[in-house]
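Trainee: Here is a sequence together with a model predicted from it:
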Amino acid sequence: MLPVLSRLRRRRALQGSAVALVVLGLLLWWLVPVGEPSPRGKVTFSTGVPTGVYQRYGKLLEEALGRNLPDVAITLQNSEGSRQNLARLTSGEADFTIATADAVATYLRDDTPGAGELRGCARLYDDYVQLVVPKDSTVRSTRDLRGLRVGVGQEGSGVRLIANRLLQAAGLDPETGVKPVLAGIDTMPGLLQRGQLDAFFWSGGLPTSAVQKLSERFPIRLVPLEADLVDRVHGGGGNGRYYRSAVVPADAYALAQDGRPVETVAVANLLVTTERMDPALTEAFTRTVIQSRDRIGREVHPAQLVDLRTAVYTDPLPLHEGARRYYRSVKP
């Protein structure tokens, strides 16, 4: 009888020890971090002009990053647009930015110093070109802009790049065929309303709040950019392939479109960094961009179009290794 009791006591003692070890292991797992540490440091994100989609998107993304990456300090920088954004990346003034695919392709084609270091993180949403005129304007096509005062974006913007290409496709010299006014979306609506501009080009997500607000206080109209114009841009070869024919939906600017869709041109936006950026931080940054789509999209509608299925296609840039890790982690 005694040997049996001894065996029972030993068995219970072993079982108690095993339970204690499991509890201790769970406690250590809870108290001691495992795996890769959360990214730390400082990040500068170059956005766009005030009231533009890049700037509004960047502000909301900053809030999402603050929640997901509490040990990373995010600084936003306003900019003139895509071309200045890319220059800031290659100079080290910024760590992440947004730029249109055609601006990136031009930067690479011109072999700008540091261009080879650029890497893609995600394809975001498309920009739609909007040629805005007063409602009573006689301008019905891009060709009708000859000799007029036309807002073409700031020097460092993607708007300037695409406005020049569309003017050339319409047979107008961007410097002499029109009177170009270098201004951004923060000032062009006011200039048009005060009669200091006859028209302006803007390339942004739909709807762009500055254009929306202008339509609510001043009668404006969107001028169609016909498919044959896009064909001529494509015919120029090179970076023209990044543009596609598109349509501004009838309800994008209800007061400016009178319930009618408007033909236009679209180009993809890319989230861009450099190969120098830490892979763990880039992976976390990319994850936040994709996962915050719905939250940001409630306030900046173009963000609703960010799609995991297409985000991986960052042509003409190769994916950053950190972004590649993220897409592999969510691959079905």
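Mentor: Received it, and whenever you're ready, just let me know what you need.

Trainee: How about Arg83: what's its closest non-neighbour residue?
Mentor: Nearest residue to Arg83, sequence neighbours excluded (CB to CB, 6 or more residues apart in numbering): Gly156, at 4.7 Å. C-beta: built from backbone N, CA, C; applies to glycine.

Trainee: ok so Thr90 is a helix residue?
Mentor: Yes - counting by DSSP: H, G, I helix; E, B strand; the rest coil, Thr90 is found in a helix.

Trainee: Could you export stretch 139-151 as PDB, CA atoms only?
Mentor: Extracted C-alpha coordinates of stretch 139-151, given in PDB (Å, rounded to 0.1, in the frame of the first residue of the first chain):
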ATOM      1  CA  VAL A 139     -13.400  77.000 -73.600                       C
ATOM      2  CA  ARG A 140     -14.700  73.700 -74.700                       C
ATOM      3  CA  SER A 141     -11.400  71.800 -75.300                       C
ATOM      4  CA  THR A 142      -7.700  72.100 -74.400                       C
ATOM      5  CA  ARG A 143      -7.100  73.700 -77.800                       C
ATOM      6  CA  ASP A 144      -9.300  76.600 -76.800                       C
ATOM      7  CA  LEU A 145      -6.800  77.600 -74.200                       C
ATOM      8  CA  ARG A 146      -4.500  79.300 -76.700                       C
ATOM      9  CA  GLY A 147      -3.400  82.700 -75.500                       C
ATOM     10  CA  LEU A 148      -5.300  82.400 -72.200                       C
ATOM     11  CA  ARG A 149      -4.000  82.700 -68.600                       C
ATOM     12  CA  VAL A 150      -3.800  79.100 -67.400                       C
ATOM     13  CA  GLY A 151      -2.800  77.700 -64.000                       C
END
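
Trainee: what's next to it, contact-wise?
Mentor: In this structure, residues lying in contact with stretch 139-151 by CB atoms under 8 Å, 6 or more residues apart in numbering are 131, 133, 138, 163, 166-167, 169-172, 177-181, 183, 188, 191-192, 196-201, 223-226, 229.

Trainee: any low-confidence regions in the stretch 201-332 of the chain?
Mentor: Applying pLDDT under 70 to the stretch 201-332 of the chain flags residues 236-238, 332.

Trainee: which residues in the stretch 101-250 of the chain form helices?
Mentor: 101-109, 158-169, 188-193, 209-217, 227-235 (DSSP state H, counting those that start in this stretch).

Trainee: So which bits of the shortest one are buried?
Mentor: Neighbour counts using 16 or more other CB atoms under 10 Å place Met188, Pro189, Leu191, Leu192 of helix 188-193 among the buried residues.

Trainee: do the same with the first one
Mentor: Taking 16+ other CB under 10 Å as the neighbour-count basis, helix 101-109 is seen to contain the buried residues Ala101, Asp102, Ala103, Val104, Ala105, Thr106, Tyr107, Leu108.

Trainee: quick revisit: okay if I get the helices of the stretch 101-250 of the chain as JSON lines plus distance to Thr310?
Mentor: Compiled in JSON lines, the helices of the stretch 101-250 of the chain are given as follows (distance: least, CB to CB, whole Å):
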{"stretch": "helix 101-109", "distance to Thr310": "12"}
{"stretch": "helix 158-169", "distance to Thr310": "20"}
{"stretch": "helix 188-193", "distance to Thr310": "30"}
{"stretch": "helix 209-217", "distance to Thr310": "25"}
{"stretch": "helix 227-235", "distance to Thr310": "21"}
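
Trainee: quick one, which of those is nearest to Gly322?
Mentor: Proximity to Gly322 (CB to CB) singles out helix 101-109 among the helices of the stretch 101-250 of the chain, at 18.3 Å.

Trainee: now the angle from that closest one to helix 227-235?
Mentor: Interaxial angle, helix 101-109 versus helix 227-235 (axes from the mean of the first three to the mean of the last three CA atoms, to 10 degrees): 20 degrees.

Trainee: List every C-alpha atom in helix 101-109, with coordinates, as PDB.
Mentor: Backbone C-alpha positions of helix 101-109 (Å, rounded to 0.1, in the frame of the first residue of the first chain) are rendered in PDB as follows:
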ATOM      1  CA  ALA A 101       3.900  57.200 -61.700                       C
ATOM      2  CA  ASP A 102       4.600  59.500 -64.600                       C
ATOM      3  CA  ALA A 103       6.700  61.800 -62.400                       C
ATOM      4  CA  VAL A 104       8.600  58.800 -61.000                       C
ATOM      5  CA  ALA A 105       9.200  57.500 -64.600                       C
ATOM      6  CA  THR A 106      10.400  61.000 -65.700                       C
ATOM      7  CA  TYR A 107      12.800  61.200 -62.700                       C
ATOM      8  CA  LEU A 108      14.200  57.800 -63.600                       C
ATOM      9  CA  ARG A 109      14.500  58.600 -67.300                       C
END
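
Trainee: going forward can the numbers begin at 62, since that is how I track them
Mentor: Got it, first residue is 62 now, which makes that one helix 162-170.

Trainee: Which other helices and strands does it contact?
Mentor: helix 143-152, strand 179-195, helix 219-230, strand 323-335 (3 or more CB pairs under 8 Å, 6 or more residues apart in numbering; DSSP states H and E).

Trainee: Which helix or strand lies directly C-terminal to the last one?
Mentor: Per DSSP states H and E, the first helix or strand lying C-terminal to strand 323-335 is helix 340-352.

Trainee: Of all the residues in that following helix, which ones are buried?
Mentor: Under the neighbour-count criterion of 16+ other CB under 10 Å, helix 340-352 has Pro340, Leu342, Thr343, Glu344, Ala345, Phe346, Thr347, Arg348, Thr349, Val350, Ile351 buried.
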